[in-house]
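Asker: Provided below for reference: sequence and predicted model.
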Amino acid sequence: MSQSDFTDPFLKERYGIKNQKWPAWVTPAVITALLGGGWLGWSANHYSKPETRAELISFRVVNDQSISIRYSVTFRTNSIAHKCLLIARDFSANVVGEVTDTFPAGVTHQSREVLIPTRVAGVNAAIDRCSP
């Protein structure tokens, strides 16, 4: 049979030949790929540039009653004040001291060294969270 034999509607129906340029699954697949790709791009951009980014530079045990922590913070918006909760832990990872460090509005990037008072001897320090 040649291609010209399939111009008859009866033969097209009999052999399952359709007048579509592409299969039926292509349209939903393209729509899903566009929506999924758009969402993936937005989420990657949104979560790679957080509102507040804090980086621990170093910490030092001063004595049995305090730990010094040095860290830097970057804020995306400078119109509101921000707070960072700094914690000190003992050898068993129990929190033995904490300090809330406040940044005034207008600051976008700053490095600080803060002393955290502790109940017992601490062995490490961390930035628990920073938020507006």
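Answerer: Looks like it arrived, so ask away.

Asker: Point out where the protein drops to low pLDDT.
Answerer: Scanning the chain with the threshold set as pLDDT under 70 gives 1-6.

Asker: So it: which segments form each domain?
Answerer: In terms of domains, the chain is parsed into 3-48, 52-131 (source: automatic domain parsing).

Asker: From the centroid of the protein, which residue is nearest?
Answerer: When CA atoms, centre = their mean is applied to the chain, the residue found nearest the centroid is residue 47 (3.4 Å).

Asker: helix/strand/coil for it?
Answerer: helix (DSSP: H, G, I helix; E, B strand; the rest coil).

Asker: which stretches of this protein form helices?
Answerer: 9-15, 26-48 (DSSP state H).

Asker: Which residues in the last one does the neighbour count mark as buried?
Answerer: By neighbour count, and taking 16 or more other CB atoms under 10 Å as the criterion, helix 26-48 has no buried residues at all. All C-beta atoms are positioned from the backbone trio N, CA, C, and that covers glycine.
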